[in-house]
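**Q** Model the structure of this input:
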Amino acid sequence: MDVLLVTLRREDLGKAATENMRLTAQKIGCWLGFFRDGTLNWRDLKERLQAAREVEAAAAARAAPRAAIAPPAAAAAAAPVPAAADASECVVCLEKPPESALLPCGHRCVCETCADAVRSARPPVCPLCRANVQGACRIFI
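**A** All right, here's what the predicted structure looks like:
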């Protein structure tokens, strides 16, 4: 089983971040643990991610025939916006705004603190697409 491990210091997180992370972890079935050394470890379970992808693929397969019937203008208007494209919070700490793009995939999904944690993880992988991360670039909008 592949496990994503991101380690952050509690001091780097806001008080609300840890509660948001706990609630999100509970909702999506991730394991979240605090350890005596003051670090927060986030491990996501591959089986649950795979099950979620299968459910998503089945839903997309059911929606495909309906999309073929809809006129092109309606299909474009009904197209879902990817969650990461309009994210207003970091996908790791769920508190700070995402201000770093991971390279080479280009996902702007993590704050600067969490970008450092993702890059220092072994192996460093994007939390959205699981691509290997070679670096991060701060984005100014």
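**Q** and residue 57, what are its phi and psi?
**A** phi -70, psi -40 (degrees, to the nearest 10).
**Q** What's the per-residue pLDDT of it here?
**A** Predicted confidence (pLDDT) for residue 57: 84.
**Q** the strands in the chain, which residues?
**A** All strands of the chain, identified by DSSP state E, fall at 4-9, 31-34, 39-44, 100-103, 108-110, 135-138.
**Q** In the protein, where is pLDDT below threshold?
**A** 1-18, 25-26, 28-50, 64-87 (pLDDT under 70).
**Q** Would you map the helices across it?
**A** Using DSSP state H, the helices of the chain run over 15-28, 46-69, 72-78, 112-120.
**Q** And the last one, what's buried?
**A** Taking 16 or more other CB atoms under 10 Å as the neighbour-count basis, helix 112-120 is seen to contain the buried residues 113-115, 117-119. Just so you know, the C-beta spots here come from the backbone N, C-alpha and C atoms, and that holds for glycine as well.
**Q** Put the alpha carbons of that helix into PDB.
**A** Extracted in PDB, the C-alpha atoms of helix 112-120 (Å, rounded to 0.1, in the frame of the first residue of the first chain):
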ATOM      1  CA  GLU A 112       3.700  27.900   1.400                       C
ATOM      2  CA  THR A 113       4.100  26.000   4.700                       C
ATOM      3  CA  CYS A 114       2.500  22.900   3.300                       C
ATOM      4  CA  ALA A 115       4.400  23.100   0.000                       C
ATOM      5  CA  ASP A 116       7.600  22.800   2.100                       C
ATOM      6  CA  ALA A 117       6.100  19.800   3.900                       C
ATOM      7  CA  VAL A 118       5.100  18.100   0.600                       C
ATOM      8  CA  ARG A 119       8.600  18.700  -0.900                       C
ATOM      9  CA  SER A 120      10.200  17.200   2.200                       C
END
